[in-house]
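Undergrad: Sharing a model that was predicted from the sequence below.
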Amino acid sequence: MAADVTILVLREPGADTALPLPEYQTSGSAGADLRADLGGVELVLEPGQIRLVPTGLRVQIPEGFEMQIRPRSSLALKHGVTLPNTPGTIDSDYRGPLGVIMINLGQQPYTIQHGERIAQAVVAPVTRARYVMAEALEETLRGAGGFGSTGRA
Ligand SMILES: O=c1ccn([C@H]2C[C@H](O)[C@@H](COP(=O)(O)OP(=O)(O)OP(=O)(O)O)O2)c(=O)[nH]1
């Protein structure tokens, strides 16, 4: 069974109270869909354009967790509309407006409707690392090989 984490949500002043809060579409969905709150109007994303799209929400994520903002595959596949910073990171101490950075990589303008589901929020546990200066790193078979060093096939 999925972990039960509570995210407190505030609407921005003037946000559309008729829009549903982020919600999972099925019992097995990993992401809760986020909606564009555009003040009742639509927003045209021209090819190549990047826009910060407001959700009208602020969130409080429990310490020890983060929220990842991920694209919707349907928008990416059908329209080339995705998120240039995916996954966007929402920190547990962030209290500002939740925005979705969108880019149109398609050939046609894409019109985002007010209330449209534009992205999905995945909540995940955070591991905090301690960074320690070392004299040397343990040797491995791979060594410094990377960026395709193992070939393609
Ligand atoms: O898609 C995103 C990504 C980030 N944020 C908010 C929440 C996050 O906690 C804050 C900072 O994001 P990030 O750490 O990725 O930005 P930065 O460029 O490193 O800025 P900062 O110096 O403010 O951390 O911006 C969003 O609303 N949407």
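TA: Thanks, I have the structure now.

Undergrad: Quick check: residues of the protein near the ligand?
TA: The chain comes close to the ligand at residues 69, 85, 88, 89, 90, 91, 94, 98, 99, 101, as judged by C-beta under 6 Å from any ligand atom. Where C-beta positions appear, they are placed from N, C-alpha and C, glycine not excepted.

Undergrad: Let's see that with 8 Å instead.
TA: 52, 69, 83, 85, 88-91, 93-94, 96-101 (C-beta under 8 Å from any ligand atom).

Undergrad: got the contact list for the one residue in the chain that gets nearest to the ligand?
TA: Closest residue of the chain to the ligand, C-beta to the nearest ligand atom: residue 88 (2.4 Å). Applying C-beta atoms under 8 Å, 6 or more residues apart in numbering, one finds that residue 88 lies in contact with 68, 69, 70, 100, 101, 119.

Undergrad: hmm, which two among those are most spread apart?
TA: Within these, 68 and 101 form the most distant pair, 12.9 Å apart (C-beta to C-beta).

Undergrad: so which helix or strand takes in residue 75?
TA: For residue 75, the element it lies in under DSSP states H and E is helix 73-79.

Undergrad: buried set for the top strand by length along the chain?
TA: Secondary structure assigned by DSSP state E gives strand 117-125 as the longest strand of the chain. Neighbour counts over strand 117-125 (16 or more other C-beta atoms under 10 Å) mark 117, 118, 119, 120, 121, 123 as buried.

Undergrad: Bridge partners for the residue nearest the centre of the chain, pull those for me.
TA: The geometric centre of the chain, computed from its C-alpha atoms, lies nearest to residue 69 (C-alpha atoms, centre = their mean), at 1.0 Å. Taking DSSP bridges, one finds residue 88, residue 121 as the beta-bridge partners of residue 69.

Undergrad: which residues does it contact?
TA: Per C-beta under 8 Å, 6+ apart, neighbours of residue 69: 34, 83, 86, 87, 88, 89, 90, 100, 119, 120, 121.

Undergrad: same deal with residue 43?
TA: With C-beta under 8 Å, 6+ apart, residue 43 has these contacts: 36, 51, 53, 111, 112.

Undergrad: The closest residue to residue 117 other than its chain neighbours pairs with what?
TA: Among residues not flanking residue 117 along the chain, residue 33 sits closest, at 4.1 Å (C-beta to C-beta, 6 or more residues apart in numbering). Per DSSP bridges, the residues bridged to residue 33 are residue 23, residue 120.
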